[in-house]
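Participant: give me a 3D structure for the following:
(one chain, ligands or ions: 1)
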Amino acid sequence: MTRCEASSNKQKECHCCQTVRSGAELLEQLSFSSIMDLGHLLHLLIPSWNSVAILASFFTYLAIAGSLLPGKLVPGATLPDGSRLHYRCNGLLSLLLLGGLLGIGAKMDIVSLTAISDRGLELLSTTFLFSVLVTIILYAAGCKSTNRGSSLKPHVTGNLLEDWWFGIQLNPQFMGIDLKFFFVRAGMMGWLFINLSVLARSVQDGTLSQSMILFQLFCALYILDYFVHEEYMTSTWDIIAERLGFMLVFGDLVWIPFTFSIQGWWLLSNKVELGTAAVVANCLTFLIGYLVFRGANKQKHVFKKNPKAPIWGKPARVIGGKLLASGYWGIARHCNYLGDLLLALSFSLPCGISSPVPYFYPIYLLILLIWRERRDEARCAEKYREIWAEYRRLVPWRILPYVY
Ligand code: NDP
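Facilitator: Down below sits the predicted model:
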């Protein structure tokens, strides 16, 4: 006879059975509430016509502004067939104009500044579905293309999943718009507008905190700086070498705006008290990160254009006429990654250290940049051979001097 049967004989539950029963009830309640939570979450993820309208308006605006607004016409890298694409770098103007229009719209009660933050999950799933759809179309259109030029020539492996994931064409266009450049711009701008909408929600809720202000300020400066230097984007690996498939479209449209803004969402429902020392340390992390990130990328950009240009006021130290070994590039072989990592950390520090959730971005970036640095190292060793070996001897650190 079990203890339960024994207790039922006595018409009274023993302590052990009561515990088991209340445990079972608790479990039942918990699983019920988890099912409810899951149900609620899934419900929030269902795209509505409103989220489709927000996304469609955003893309339409970007397409029109990108085509009509003035901007520096920057030649892209020379492609294998000798051709060069040209990019109109008017992202900053497009961004400021959109910000202004939304501000006026909000003043006139035509648009709601919290529309994005109120529909965050819906917009996430709508953008995800859009990415799937658009890359299926890109795959189908790419397969049919008879163009032999480097930017549109289809690269078909025959593996459907691989071709859809990595893309078929290098620089597909739609109505004269370079889609790769368009999606990067949309992602970076989307990140800023998600943040600003979260800010508006926190102001409306009366929960605006010092942490939220710091987070918003740092991200906004980083994104504005990106658009000020938008032309640098035209020579990055993604633009010149990666084909446009689901991996890139998802990365630009879903991953960047929705995961890089996690700290803001987290701060909406979590209160953090920061002391003066923490605020000062946070601002210094941002400032140092920015100086290293922008300084290193700029030094390389200037060096590539003119290897005789002075670095930090002195003649550049050059290896084999091709590699810069002074300035930031004499401290570590990828000092720009160090700057980016410090910046990423500065976006999360306002959230304190009570939860790992707001640290998603710096952790992800650390893994990504270590992996990227290894791949770039292998590529440079292959390309520059003994010059690279000499550079490695002169500058032994990869990212962080004396650590890595
Ligand atoms: P880099 O801008 O560091 O470019 C690497 C290339 O620069 C090398 O392949 C080589 O190319 C050239 N190079 C390397 N060392 C030297 C040197 N000493 N002198 C001259 N040329 C050199 O890499 P990425 O394109 O990966 O990164 C660009 C920026 O984007 C970085 O600041 C990075 O942090 C950021 N980034 C941010 C991400 C994010 O999610 N936030 C993701 C990825 C990057 P070549 O053959 O032309 O000489």
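Participant: which is the next helix or strand following the helix or strand harbouring Ser197?
Facilitator: In the assignment (DSSP states H and E), Ser197 maps to helix 179-205. Next helix or strand after helix 179-205 toward the C-terminus (DSSP H and E): helix 210-228.
Participant: which residue sits closest to Leu98, ignoring its sequence neighbours?
Facilitator: Tyr61 (6.1 Å; C-beta to C-beta, 6 or more residues apart in numbering). Using the backbone N, CA and C atoms, a C-beta is placed for each residue, glycine as well.
Participant: wait, a helix at that neighbour?
Facilitator: Yes. Per DSSP: H, G, I helix; E, B strand; the rest coil, Tyr61 lies within a helix segment.
Participant: report the separation between it and the ligand.
Facilitator: Using C-beta to the nearest ligand atom, to the nearest Å, Tyr61 is found at 24 Å from the ligand.
Participant: please apply the same query to Leu95.
Facilitator: For Leu95, the distance to the ligand equals 18 Å [C-beta to the nearest ligand atom].
Participant: ok, Trp397 next?
Facilitator: From Trp397 to the ligand the distance is 12 Å (C-beta to the nearest ligand atom).
Participant: my guess is that residue meets Tyr404, correct?
Facilitator: Yes. Counting by C-beta atoms under 8 Å, Trp397 does reach Tyr404; the two are 7.0 Å apart.
Participant: neighbour count for those two, which is higher?
Facilitator: Neighbours around Trp397 and Tyr404, counted as other C-beta atoms under 10 Å, are more numerous at Trp397. The numbers are 16 against 12.
Participant: give me the domain ranges for the chain.
Facilitator: For the chain, the TED database gives the domain ranges 50-271, 274-403.
Participant: what pLDDT, on average, does the shortest one get?
Facilitator: With pLDDT averaged residue by residue, domain 274-403 scores 92.
Participant: near the ligand, which residues of this structure show up?
Facilitator: The chain comes close to the ligand at residues 236-237, 293, 297, 300, 303, 323-324, 329, 334, 336-337, 340, 365, 368, 372, 376, 379-380, 383, as judged by C-beta under 6 Å from any ligand atom.
Participant: how many residues are close by Ala53?
Facilitator: 12.
Participant: is it in a helix, a strand, or coil?
Facilitator: Following three-state DSSP, the label given to Ala53 is helix.
Participant: what sits against it?
Facilitator: Contacts for Ala53 (C-beta atoms under 8 Å, 6 or more residues apart in numbering) come out as none.
Participant: likewise for Asp118?
Facilitator: Ser112, Arg201.
Participant: for it, phi and psi?
Facilitator: phi -70, psi -20 (degrees, to the nearest 10).
Participant: and it, how far from Ala200?
Facilitator: 10 Å (C-beta to C-beta, to the nearest Å).
Participant: which parts of the stretch 251-400 of the chain are helices?
Facilitator: Assigned by DSSP state H, counting those that start in this stretch, the stretch 251-400 of the chain shows helices spanning 256-259, 262-269, 276-305, 335-348, 360-384, 386-394.
Participant: which stretch among those helices is buried most, on average?
Facilitator: helix 335-348 (a mean of 24; mean count of other C-beta atoms under 10 Å).
Participant: any low-confidence regions in the stretch 151-300 of the chain?
Facilitator: Scanning the stretch 151-300 of the chain for pLDDT under 70 picks out no residues.
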